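Student: Sequence unavailable; structure follows:
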């Protein structure tokens with residue numbers, strides 16, 4: 001059975017990915033500050049991605065056939081830019097250098113999938129149909145850190161001959177996503193209102209922005225497919241639905257699923273100065289290379305997310 005190292009295994013997408021991969025692969029899940037329990041085919045190991053020696057020892061010991069690098073500081077609004085760059089850029093560099101260290105000793109060249117982000121595009125031209133060739137104009141520290149690690153991935157695929165594929169997922173959501181992102185923020189508030197007779201108001205920020213939103217379960221299917229495909233080192237792929245939807249329409253769908261009447265109230269603290277008005281991707285290259293198609297409609301994603309939050313309030 002082939003072995004896969006998943007960094008960020010305790011993250012939102014990481015947990016969905018491991019559930020998908022576990023029947024077919026032996027998983028080494030790298031976690032940080034988490035107490036996930038081992039299960040069939042899944043072994044969790046706690047460690048710091050900023051410790052290159054630890055990573056070198058880990059990779060030398062297990063020599064995974066494939067590596068998917070998910071570990072990152074994800075919130076675009078994080079107030080600690082230094083930590084964002086440490087984890088997202090230096091952590092990625094440490095992983096690649098660890099692989100290179102082992103490769104120099106034993107000719108070890110695993111398939112590596114680096115999970116970049118659509119945030120690299122930021123305020124790019126033609127945001128209604130962003131291709132892999134669009135220029136990068138990141139609008140926040142997270143996006144800038146991902147530009148740096150995205151280009152580092154390309155550079156080391158060429159200079160160090162590492163077999164790295166770059167995937168740029170656009171927005172994705174679903175059950176298990178933490179608060180701070182739009183859908184879980186709205187869903188969790190709706191559930192709070194459903195469970196409190198005195199509450200009837202939902203706090204919202206900007207509802208005009210348009211995003212390309214997929215279900216996290218479709219996104220990790222894409223990760224699995226690209227892990228299993230032969231690609232050229234340094235190739236980059238957008239992973240997205242290919243269509244946009246406004247936050248206003250997303251909220252409208254959630255409110256129709258609510259169990260009571262809810263009033264919308266604007267909250268200035270939820271407005272972000274660097275908000276990008278529209279981000280919609282072109283997924284044709286990824287679909288052509290993998291045969292991937294999104295399967296879960298947005299209404300199902302939203303319903304499942306609401307039910308997840310209802311389960312948290314039992």
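Tutor: Thanks, I have it. Here the structure is a predicted model, which is why all the values come from computation and not from measurement.

Student: Once you drop chain neighbours, what's closest to residue 2?
Tutor: residue 65 (4.4 Å; CB to CB, 6 or more residues apart in numbering). The C-beta positions use only the backbone N, C-alpha and C, and glycine is treated the same way.

Student: Now do the contacts for the one you found.
Tutor: Residues in contact with residue 65 (CB atoms under 8 Å, 6 or more residues apart in numbering) are 2, 3, 4, 110, 111.

Student: Residue 16: which of those is nearest?
Tutor: Nearest to residue 16 among the contacts of residue 65, counting by CB to CB, is residue 4 at 14.3 Å.

Student: any weak-confidence spans in the stretch 151-300 of the chain?
Tutor: Filtered on pLDDT under 70, the stretch 151-300 of the chain yields the residue ranges 270-274.

Student: now the strands for it?
Tutor: Ranges of strands in the stretch 151-300 of the chain, per DSSP state E, counting those that start in this stretch, are 163-169, 172-173, 201-204, 210-211, 214-215, 236-239, 245-246, 263-266, 278-279.

Student: Before we move on, what's the pLDDT of residue 29?
Tutor: Listed pLDDT for residue 29 reads 97.

Student: Count the neighbours of it for me.
Tutor: Residues lying near residue 29 (other CB atoms under 10 Å) number 25.

Student: so who does residue 104 touch?
Tutor: Residue 104 neighbours (CB under 8 Å, 6+ apart): none.

Student: now the angle from the strand or helix carrying it to strand 163-169?
Tutor: Assigned by DSSP states H and E, residue 104 falls within helix 91-106. Angle, helix 91-106 to strand 163-169, by axes from the mean of the first three to the mean of the last three CA atoms, to 10 degrees: 160 degrees.

Student: Give the buried residues for the helix ranked longest in the chain.
Tutor: Scanning the chain for the helix with the most residues, using DSSP state H, yields helix 141-159. Using 16 or more other CB atoms under 10 Å as the test for burial, helix 141-159 gives 141-150, 152-154, 156-157.

Student: follow-up on the earlier one: how much space separates the residue nearest to residue 2 from residue 25?
Tutor: Counting by CB to CB, to the nearest Å, the separation of residue 65 from residue 25 is 8 Å.

Student: same thing with residue 191?
Tutor: Applying CB to CB to residue 191 and residue 25 gives a distance of 35 Å.

Student: Likewise for residue 77?
Tutor: 34 Å.

Student: Of the two, give the one with the bigger neighbour count.
Tutor: residue 25 (22 against 11).

Student: pretty sure that one is touching residue 17, no?
Tutor: No: counting by CB atoms under 8 Å, residue 25 sits too far from residue 17 to count as a contact (10.5 Å).

Student: So for stretch 57-73, what gets flagged as buried?
Tutor: 58, 59, 64, 65, 66, 67, 68, 69, 70, 71, 72, 73.
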